[in-house]
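Participant: need a 3D model of the following:
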Amino acid sequence: MIYTVTFNPSLDYIIRLDSFTAGEINRTKYEQILGGGKGINVSIVLKNLGFNSTALGFIAGFTGKEIERQLQSFGCNSNFVKLDEGNSRINVKIKAENETEINGQGPVINQAALNQLFSQLDALQKDDILVLAGSIPNTLPDDIYEKIMSRLMDKGIHIVVDATCNLLLNVLKYKPFLIKPNNHELGEMFNVVLKTDAEIVEYAKKLQEKGAQNVLISMAGDGAILLTADGQFFKSAAPKGILINSVGAGDSMVAGFITGYLESNDLKQAFHMGVATGSASAFSENLATRPEVEALLQTI
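Facilitator: Down below sits the predicted model:
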């Protein structure tokens, strides 16, 4: 079984404008409200690609109910811990000459709610896949990823981590099956600017030395690089297409990688599926579907 965890899910209010001027009245020409959060995006894309998962995390209020309703509309399973107070956050995504995001804070998560999540995770079994993705709200301890991975480290669970900086670095000692920083995040972890593929590979290997098994580096329009636990190296250029929506592309890459791995048990095939899926989402208003991914896969 596949599980995803989103600690601070949201409703993403996506708007498009011909231009955006701060301090003035701006009128939209396109609006959409989508349930969001990195783990939730992974669950939706997995379902689009033919794999069931269960989305875990915390929801609250009327916004939380809408997040859950939207997941159900995609055919996704969820088992969120429902908080008694507050509302799940609303994030505003403004797309004009540039992309601007305003992210909400989200509700307070108390220890009792956190213990409920721990109980859910303790029930995971050998060979299950767990995706830990995204930021941590300020009402949770900074080491929550570490606490979870420490609890599960001896159960034979394949853990995928998509997080940034110290949040990622601090869990490498628990040997996650897959991590997916982008090239800029990789540089930030070591306080360097990475300009070449060789430099990216050099620092990706440092993450492996710290414990990561497979390291997938996304590079937006420049494609992606994979370093595997058995020493293999793969690079793929990005498929050609028009960028429409970058939100969820990285999450889609994770979902595609998991799908490819489960279907083939081959890391190279998983890598290509991940690249195709991430690109399919980037080239669409919505998250990638199987036909879109299959079409791009033929070009890799």
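Participant: need the contact list for Glu97.
Facilitator: Counting by Cβ atoms under 8 Å, 6 or more residues apart in numbering, Glu97 touches Ser19, Phe20. Quick note: C-beta positions are derived from backbone N, CA and C, even for glycine.
Participant: give me the three-state assignment for it.
Facilitator: Classification of Glu97 using DSSP: H, G, I helix; E, B strand; the rest coil returns coil.
Participant: which residue ranges form the helices in the stretch 201-300 of the chain?
Facilitator: For the stretch 201-300 of the chain, the helices defined by DSSP state H, counting those that start in this stretch cover 249-264, 267-282, 290-297.
Participant: out of those helices, flag the one nearest Arg16.
Facilitator: helix 267-282 (15.9 Å; Cβ to Cβ).
Participant: model confidence over that closest one, on average?
Facilitator: Per-residue pLDDT values across helix 267-282 average out to 95.
Participant: what residues sit buried inside that helix?
Facilitator: 267, 269-282 (16 or more other Cβ atoms under 10 Å).
Participant: what angle do that helix and helix 290-297 make?
Facilitator: For helix 267-282 against helix 290-297, the angle by axes from the mean of the first three to the mean of the last three Cα atoms, to 10 degrees is 120 degrees.
Participant: packing partners of helix 267-282?
Facilitator: Secondary-structure packing of helix 267-282 (3 or more Cβ pairs under 8 Å, 6 or more residues apart in numbering; DSSP states H and E): strand 214-218, strand 224-227, strand 233-236, helix 249-264, helix 290-297.
Participant: other SSEs contacting the fourth one?
Facilitator: Based on contacts counted as 3+ Cβ pairs under 8 Å, 6+ apart, the elements that helix 249-264 packs against are helix 38-48, strand 129-133, strand 158-162, strand 214-218, helix 267-282.
Participant: report the buried residues of it.
Facilitator: So for helix 249-264, counting by 16+ other Cβ under 10 Å, buried means 249-262.
Participant: the third one now?
Facilitator: Counting neighbours by 16+ other Cβ under 10 Å, one finds that the buried residues in strand 233-236 are Phe234, Lys235, Ser236.
Participant: so the last one bridges to which residues?
Facilitator: In this entry, Ser236 is beta-bridged to Ala224, by DSSP bridges.
Participant: tell me how far Leu172 lies from Gly274.
Facilitator: According to Cβ to Cβ, to the nearest Å, Leu172 stands 20 Å off from Gly274.
Participant: what do you get for Leu117?
Facilitator: 27 Å.
Participant: try Ser264
Facilitator: Using Cβ to Cβ, one obtains 12 Å as the distance from Ser264 to Gly274.
Participant: how about the helices of the stretch 201-300 of the chain in a markdown table, adding distance to Ile136?
Facilitator: Shown next, in a markdown table, are those (distance: least, Cβ to Cβ, whole Å):
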| stretch | distance to Ile136 |
| --- | --- |
| helix 249-264 | 16 |
| helix 267-282 | 23 |
| helix 290-297 | 30 |
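Participant: of all these, which lies closest to Lys95?
Facilitator: Nearest of the helices of the stretch 201-300 of the chain to Lys95, taken as Cβ to Cβ: helix 267-282 at 13.3 Å.
Participant: tell me the angle of the closest one relative to strand 214-218?
Facilitator: When the same axes, to 10 degrees is applied, the directions of helix 267-282 and strand 214-218 differ by 30 degrees.
Participant: now do helix 267-282 against helix 38-48, angle only.
Facilitator: Using the same axes, to 10 degrees: helix 267-282 against helix 38-48 is 100 degrees.
Participant: which other helices and strands does the helix or strand of the chain with the lowest mean pLDDT contact?
Facilitator: Least confident element among the helices and strands of the chain, by mean pLDDT, DSSP states H and E: helix 165-169 (a mean of 85). Judged by 3+ Cβ pairs under 8 Å, 6+ apart, the packing partners of helix 165-169 are helix 183-189.
Participant: any chance of TSV for the helices and strands packed on helix 267-282, columns distance to Lys195 and mean pLDDT?
Facilitator: Listed next are those as TSV, based on distance: least, Cβ to Cβ, whole Å; pLDDT from 0 to 100:
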stretch	distance to Lys195	mean pLDDT
strand 214-218	14	95
strand 224-227	14	96
strand 233-236	15	93
helix 249-264	21	96
helix 290-297	27	93
